[in-house]
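Undergrad: Okay, here's the prediction I keep looking at, along with the sequence it came from:
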Amino acid sequence: MPIETILFGTKVLRPHKAVRDAQFEVRTVLTTNPFNYVDLWLRRKHMNEALFYWRQAQAFYRASQNLQIESAPLVLYYCFMNAAKALLSAKSIKFDPHHGVSAERMRGPNSRVVLSNEGIKIKGKGIVPSLSIYFGEMEKKTKYSLENVLHNLVFIHRTYGLSYPKNKEQFLPLKDAEFVRDSDTAQVRFRAKPVDDADWQHFRRVLPPEVVANPDGSRSVLSVDHIDWASRDNPTAAELDTLRGLNTKLRTSVQYINGAQTLWYLKTAGKYEIKRQSITLTLAAMHRLSEICRYRPAELDSFLNGQKNWLLSEFVAVSSTQFLDEIACEMTGHQIMIPNVRAPI
């Protein structure tokens with residue numbers, strides 16, 4: 001079957017960072033400071049409540065800089081919480097102002113303090129469950145260990161793998177991730193290839209239900225769902241809407257790490273998979289760490305002196321740039337990227 005990439009103008013259409021309402025027709029925004037860009041965007045839209053929360057998030061983010069890991073999670077959580085409230089407000093989603101997440105007792109009185117028995121519970125009302133509703137998450141389970149949540153976050157998946165070397169990788173690194181069209185049938189699907197050194201024989205056995213191994217036998221995946229486009233370029237407004245819907249369905253399993261280049265990954269299926277968006281899980285994990293900072297400093301000290309201290313340190317160190325990038329893209333519907341800076345000649 002003859003396959004061709006699909007275009008908007010001269011731009012190849014690839015997965016979009018925004019889960020809902022992705023604006024494929026808007027050019028990529030290059031900025032070193034997403035706070036400033038979103039601030040201006042909210043002001044133009046006259047979204048004053050969301051702007052208030054967003055500026056609070058920025059203030060907490062600035063306060064978190066250079067804090068030691070013993071204190072940073074508390075301030076970062078309030079940064080993340082207010083950024084989430086800004087997103088919900090901008091999308092006109094009503095939410096209960098409570099956190100919506102709490103500790104869940106998984107540890108016996110004489111058990112060791114480890115990530116696998118540090119419990120998290122997502123409640124029925126509050127900010128975290130409101131995010132879940134916004135994203136249309138279908139996950140029924142609401143109780144997890146902190147270890148399981150961290151296992152499901154792509155931006156620390158390599159650190160997790162080094163911390164738990166016996167566990168199989170959860171995320172398949174992708175290359176050439178794009179939407180393609182069969183010119184015979186006019187069907188548009190998502191297609192991507194695993195990176196060259198990926199264990200394709202393993203990953204093809206644990207593919208999520210949104211994709212299948214390419215029936216043509218090539219080392220690639222195709223989305224199960226498809227949409228129809230009359231041509232490979234110059235899409236109509238209605239066709240772009242169908243692409244937005246396909247992108248939303250895919251983004252449960254097709255996830256990214258932000259940077260000067262967006263790195264796409266496929267989240268595989270299995271007993272440890274949590275079918276929730278990265279934003280929901282990151283906020284829940286940071287809430288749990290913030291409460292440990294406040295109420296159980298001896299336990300935090302135990303974690304930081306344990307074998308998995310690097311995993312927690314990396315989560316605290318890198319989660320803010322990833323989380324805020326996800327929120328900024330989701331709020332605006334724009335692809336927001338860090339510009340590549342050329343070295344002087």
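TA: Sure, I can see it.
Undergrad: just the strands in the stretch 51-200 of the chain please.
TA: 101-105, 118-122, 143-145, 171-182, 187-194 (DSSP state E, counting those that start in this stretch).
Undergrad: Show me what the third one packs onto, helices and strands only.
TA: Packed against strand 143-145 by the contact rule (3 or more CB pairs under 8 Å, 6 or more residues apart in numbering; DSSP states H and E) you find strand 118-122. Heads up, the C-betas are built off the backbone N, CA and C, glycines and all.
Undergrad: Okay, buried residues for the top helix by length along the chain please.
TA: With secondary structure taken from DSSP state H, the chain has its longest helix at helix 309-332. Using 16 or more other CB atoms under 10 Å as the test for burial, helix 309-332 gives 311-312, 314-316, 318-332.
Undergrad: Stretch 226-235 now?
TA: 226-227, 229, 232, 235.
Undergrad: Closest one of these to Arg55?
TA: Set against Arg55, the nearest of these by CB to CB is Pro235 (36.5 Å).
Undergrad: Need phi/psi at the closest one.
TA: phi -70, psi 150 (degrees, to the nearest 10).
Undergrad: ok, the residue nearest to it when sequence neighbours are not counted to Val180 distance?
TA: Excluding the flanking residues, the one nearest Pro235 by CB to CB, 6 or more residues apart in numbering is Trp229, at 6.1 Å. Noted for Trp229: a distance of 11 Å to Val180, by CB to CB, to the nearest Å.
Undergrad: go on, Leu266?
TA: Going from Leu266 to Val180 by CB to CB gives 16 Å.
Undergrad: which of those two has more neighbours?
TA: Between Leu266 and Val180, counted using other CB atoms under 10 Å, Leu266 has the larger neighbour count: 25 against 22.
Undergrad: in what helix or strand does that one lie?
TA: strand 263-267 (DSSP states H and E).
Undergrad: In its sheet, which strands sit next to that strand, and in what direction?
TA: Here the strand partners of strand 263-267, with direction, are listed using DSSP bridges: strand 171-182 (antiparallel), strand 254-257 (antiparallel).
Undergrad: List the contacts of it.
TA: If you take CB atoms under 8 Å, 6 or more residues apart in numbering as the criterion, strand 263-267 is touched by 14-15, 152, 154, 157, 170-174, 177, 192, 203, 207-208, 211, 221, 252-257, 273.
Undergrad: coming back round to it: as CSV, could you dump the C-alpha coordinates of the longest helix of the chain?
TA: As requested, the backbone C-alpha atoms of helix 309-332 are provided in CSV (Å, rounded to 0.1, in the frame of the first residue of the first chain):
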residue,chain,number,x,y,z
ASN,A,309,17.7,7.9,46.5
TRP,A,310,18.9,8.8,43.0
LEU,A,311,15.4,8.0,41.6
LEU,A,312,13.8,10.4,44.1
SER,A,313,16.5,13.0,43.5
GLU,A,314,16.0,12.9,39.7
PHE,A,315,12.2,13.1,40.1
VAL,A,316,12.5,16.2,42.2
ALA,A,317,15.2,17.7,39.9
VAL,A,318,13.6,17.2,36.5
SER,A,319,9.8,17.0,37.1
SER,A,320,9.2,20.8,37.2
THR,A,321,10.4,21.5,33.6
GLN,A,322,8.5,18.5,32.2
PHE,A,323,5.3,19.2,34.2
LEU,A,324,5.1,22.9,33.4
ASP,A,325,5.8,22.2,29.7
GLU,A,326,2.9,19.7,29.7
ILE,A,327,0.6,22.2,31.4
ALA,A,328,1.6,25.1,29.1
CYS,A,329,1.1,23.0,26.0
GLU,A,330,-2.2,21.6,27.2
MET,A,331,-3.5,25.0,28.3
THR,A,332,-2.8,26.8,25.0
